[in-house]
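Undergrad: No sequence on hand, only this structure:
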């Protein structure tokens, strides 16, 4: 055989191996190690356990112990040191080894030749940075600022270091930002008007309640560790009441389930309040000392609210409303947990205010076992060092531009002077999760460059030009807290990043380096730094004081719980303008709301679209995460529509029949699941991203704003559950 | 090049080792995303394989291999859909995907490959970044064993035999246990002649080598 040296070329664009003659030859003696090497010293072996924390958008933010053997993550389990997690994870958390080692993970930076074509080429990180940086600099030159660059980042990873993505944007100049939150803003504003901010009791304190109303919340699916505490309270004699349009897994475990007509929760609360007032079951002393405007509220109730009206509105009998009101007002302490689902309406904010008012009227606020629980951000007082970056001098524009996250695609398309030309997507799958999915596609199509950093291929990656592989929570360090419980947990790097995955902060550093190579001083982001050091930079004396720490490194021994502030408003110092609980809120008035918790009419179905579609959380996912994993698919691999038997009958639909659910915006086709757990006037489709399925309930969801959200989050929320549809058998 | 004297009674002649080495090296390069630029390289290899009676359909194979030198963008897209991503891989190039009952990566099957490498004094460069049973690494390991066997053929025949035994054992315990299924996936899902051609080549190579060692 002829001996001849042939040169090679690489499939990988920008690879250092490309074009180089690496000595592939006809000769066996030209063997060179590339991927392998002779063993120099014994590689790391043995078993190690690391501290991790689940960073998902979930109440529970579990403390995790990860077992790593020979550098491979072999097991995840709950950390028993966390008394909320109690050594357990949920089905999703237990599946983490599945996502880390899924063959489907995005492994390398890749570039798509034509958005949506599926024609991907592998590129080197350097090639990716070069293309992105050149694009950024070109935009800045053409438009005089970096405002045509828009970031859409939210809740895919709530680790504090991940705010470095926002920092990366700041470091290049003024940019456009998806602003607001799709999840919970109306309720946040309600509690902000009433009490000054969102602030819940330590959920572990639920065991001290004598009466607990779970109002529009389904912890059996969405906060499994809270469910243990609720059932412990029940064992200790607390009566559990579930109020929900859907007979949820939580509701079936309650002592009393009340099926309220969707979006009329405020009417129920006001009816209860009227009963409490009429029967003088309110805490006059507490109201006198701690509140503003309670007399006006009582007057409003007497003038406008009757129990008959409330019964008619809510579909709950007057007698039951009376019983509920009496039981709630006389049990001490009595507690209400307000879910996020019930505020996803055009009257959601007002409904939450009405429920808060019940807790205040009965003097339950500020007490162990009492309160109106929604969420808390008390434990989030980090430095946001990764996020806080200076804007480079002379980079143009006079400030960031807010783009409503709840009407993102339409606002991206409408943005002018300058228009939006580039999207950076991180910790989000907007095409799956945003309303009006078809508009999302149009907005993506209008871009010059779309960069998405993600773990798995999904609808958003499909519509991107460049995808960057990111680390899982086990592959880079961070620090996590919850918006519900009061634990603080370090997230240690347990394993090497697989393939070519990088952490978002590392991506920001390396992009900054490239930008500055191409144009000096075009990015202020540090170009190097140890990630764990960056975790340390997030801490300050307030956090140390709150958690009884003298150094953040103590967290390597395990998570810690806040030492104080565990009972919300215990000191009676509300953060409202008056410093009191405000039934009458001038601030609410300034934002165009009636200053009192008043009833705002709910949206009603139309003749054309007579059914309300609710798209709540599903037990096997968090939004677009987890349902794609095989363990979840083994339990359930298909979306479906839940219909009441009467509804199904009137449309001639049998169980498992294929049903088209549609409105003027779009449609989905899914099998029917006939169940009495939903009332006849609504249908339920759980919001989810299923791998390889053209399913998205948001094909039918319009970007209708909820009533509140602008004060605390910058943008109103989204009325996901005011979606009216029709159905037909197909 | 070093001149090697080969005794005629050796079971594996140097030339045979050389040809196998080249074939496996081609596969290792291919799965690393590297291809020879000169079509001549493929012709030379094809001819050698043909001389060894590896193939009956030499012309088809040649055609397929020659395509390697003129990579069309479609080939790269197809290659990436099969082996690289970013979507769900149609033919994941990892042993544990085919042998682990949950089709996960970095599992005990991967660790068995790691141990095998280790027994031959070898480990993975990007340790715990790249699965040890990534096909390009397994082919590189095979090349290493063939290289050692050839290099020691004259000076230390016992050692040379030892590497040949490792070669046969690795084929038997690893590559031979999954690569044929992997090729089946490629032939089922691939849309380009090149990737299909490479799957045929791989299949033949493995089948022949298993047969020989059996």
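TA: Received, thanks. None of these values were measured; they are calculated from a predicted model.

Undergrad: burial of the closest residue to residue B:177 other than its chain neighbours, as a residue count?
TA: Using C-beta to C-beta, 6 or more residues apart in numbering or on different chains and skipping the chain neighbours, the partner closest in space to residue B:177 is residue B:99 (6.5 Å). The C-beta positions use only the backbone N, C-alpha and C, and glycine is treated the same way. Residues lying near residue B:99 (other C-beta atoms under 10 Å in any protein chain shown) number 19.

Undergrad: Stretch A:63-75 close to chain B?
TA: Yes. Stretch A:63-75 reaches chain B (C-beta under 8 Å from any C-beta of the partner chain) through A:70-73.

Undergrad: hang on, isn't the residue nearest to residue B:177 packed against residue B:178?
TA: Yes. Using C-beta atoms under 8 Å, residue B:99 is in contact with residue B:178, at 5.7 Å.

Undergrad: of the residues of stretch A:63-75 next to chain B, closest to chain B?
TA: Checking the residues of stretch A:63-75 next to chain B against chain B with C-beta to the nearest C-beta, the nearest one is residue A:71 at 3.8 Å.

Undergrad: Once you drop chain neighbours, what's closest to that closest one?
TA: Here the nearest residue to residue A:71 in space, its sequence neighbours aside, is residue B:128; by C-beta to C-beta, 6+ apart that works out to 3.8 Å.

Undergrad: Which residue is it, in the stretch 151-300 of chain A, that comes closest to chain B?
TA: Counting by C-beta to the nearest C-beta, the stretch 151-300 of chain A gets nearest to chain B through residue A:156 (16.3 Å).

Undergrad: Please name the nearest non-neighbouring residue to that residue.
TA: Leaving aside its sequence neighbours, residue A:156 sits nearest to residue A:427 (C-beta to C-beta, 6+ apart; 3.3 Å).

Undergrad: Compute the distance between residue B:161 and residue B:210, please.
TA: 19 Å (C-beta to C-beta, to the nearest Å).

Undergrad: on that earlier part again, hang on, isn't the residue nearest to residue A:156 packed against residue A:152?
TA: No. At 9.2 Å, residue A:427 does not count as touching residue A:152 under the criterion of C-beta under 8 Å.

Undergrad: Of these two, which one has the most company?
TA: For residue A:427 versus residue A:152, the count of surrounding residues by other C-beta under 10 Å is larger for residue A:152: 25 against 21.

Undergrad: circling back: just checking, the residue nearest to residue A:71 touches residue A:69?
TA: No. The criterion here is C-beta under 8 Å, and residue B:128 misses it with residue A:69 at 10.9 Å.

Undergrad: out of those two, which sits in the busier spot?
TA: Taking neighbours as other C-beta under 10 Å, residue B:128 and residue A:69 compare with residue B:128 leading, 20 against 13.

Undergrad: quick revisit: could you pull up the residues touching the residue of the stretch 151-300 of chain A closest to chain B?
TA: With contacts defined as C-beta atoms under 8 Å, 6 or more residues apart in numbering or on different chains, residue A:156 is in contact with A:56-57, A:426-429, A:625.

Undergrad: Equivalent analysis for residue A:57, please.
TA: Contacts of residue A:57 (C-beta under 8 Å, 6+ apart): A:155-156, A:158, A:183, A:622-623.

Undergrad: In TSV, list these along with pLDDT.
TA: Converted to TSV, these look like this (pLDDT from 0 to 100):
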residue	pLDDT
A:155	88
A:156	90
A:158	93
A:183	89
A:622	86
A:623	87
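
Undergrad: Can you show me the helices along chain B?
TA: All helices of chain B, identified by DSSP state H, fall at B:14-31, B:39-51, B:58-67, B:73-79, B:95-99, B:108-119, B:135-151, B:157-170, B:176-189, B:193-213.

Undergrad: and those, which is most packed in?
TA: The highest mean neighbour count among those, using mean count of other C-beta atoms under 10 Å in any protein chain shown, belongs to helix B:135-151: a mean of 25.

Undergrad: doesn't residue A:290 make contact with residue A:361?
TA: No. Look at residue A:361 against residue A:290 with C-beta under 8 Å: they stay out of range, at 11.3 Å.

Undergrad: Of the two, give the one with the bigger neighbour count.
TA: More neighbours surround residue A:361 than the other of residue A:361 and residue A:290, with 29 against 20 (other C-beta under 10 Å).

Undergrad: That one: what's its closest spatial neighbour, skipping adjacent residues?
TA: Of all residues not flanking residue A:361 in the chain, residue A:282 sits nearest, at 4.4 Å (C-beta to C-beta, 6+ apart).

Undergrad: Next up, the contacts around the one you found.
TA: Residue A:282 makes contact with A:276, A:329, A:361-363, according to C-beta under 8 Å, 6+ apart.

Undergrad: In the residues you listed, which residue is surrounded by the most others?
TA: Among the contacts of residue A:282, the one with the most neighbours (other C-beta under 10 Å) is residue A:361, at 29 neighbours.

Undergrad: What ranges does the stretch 251-400 of chain A have for its strands?
TA: Counting by DSSP state E, counting those that start in this stretch, the stretch 251-400 of chain A has these strands, from start to end: A:256-258, A:291-292, A:334-338, A:371-373.

Undergrad: Indicate which one of the ones you listed is closest to residue A:136.
TA: Among the strands of the stretch 251-400 of chain A, strand A:334-338 comes nearest to residue A:136, with 42.5 Å by C-beta to C-beta.

Undergrad: Contacts for that closest one, please.
TA: A:187, A:201, A:206, A:209-217, A:219, A:328, A:352, A:355-356, A:358-359, A:362, A:364, A:369-374.

Undergrad: got it, and stretch B:74-93?
TA: Here stretch B:74-93 has contacts from A:11, A:103-108, A:110, A:113, A:118-122, A:457, A:461, A:467, A:469, A:691-692, B:31, B:33, B:67, B:98, B:103, B:105, B:134-136, B:182, B:185-186, B:189-192, B:194-195, using C-beta under 8 Å, 6+ apart.

Undergrad: which of these are buried?
TA: Among the contacts of stretch B:74-93, the ones that count as buried by 16 or more other C-beta atoms under 10 Å in any protein chain shown are A:11, A:103-108, A:110, A:119-122, A:457, A:461, A:467, A:469, A:691, B:31, B:33, B:67, B:98, B:103, B:105, B:134-136, B:182, B:185-186, B:189-190, B:192, B:194-195.

Undergrad: So, low pLDDT: which residues of the stretch 201-350 of chain A?
TA: Counting by pLDDT under 70, the stretch 201-350 of chain A contains no low-confidence range.

Undergrad: Stretch A:545-556 spans what distance, first to last residue?
TA: Start-to-end span of stretch A:545-556 (C-alpha to C-alpha, to the nearest Å) is 18 Å.

Undergrad: What's the first helix or strand after the helix or strand of chain A with the lowest mean pLDDT?
TA: Least confident helix or strand, chain A: strand A:8-10 with a mean of 70, by mean pLDDT, DSSP states H and E. Downstream of strand A:8-10, the next assigned helix or strand under DSSP states H and E is strand A:36-38.

Undergrad: quick one: residue A:226 and residue A:204 touch, right?
TA: No. Between residue A:226 and residue A:204 there is no contact under C-beta under 8 Å: 9.2 Å.

Undergrad: more crowded one of the two?
TA: Neighbour totals were compared for residue A:226 and residue A:204, and residue A:226 leads with 24 against 20 (other C-beta under 10 Å).

Undergrad: quick one: the more buried one is in a helix?
TA: Yes. The assignment for residue A:226, made by DSSP: H, G, I helix; E, B strand; the rest coil, places it in a helix.

Undergrad: List the contacts of it.
TA: Listed by C-beta under 8 Å, 6+ apart, the contact set of residue A:226 reads A:59-60, A:203, A:206, A:219, A:484.

Undergrad: Over to residue A:646?
TA: Applying C-beta under 8 Å, 6+ apart, the residues near residue A:646 are residue A:680.

Undergrad: All set now, cheers.
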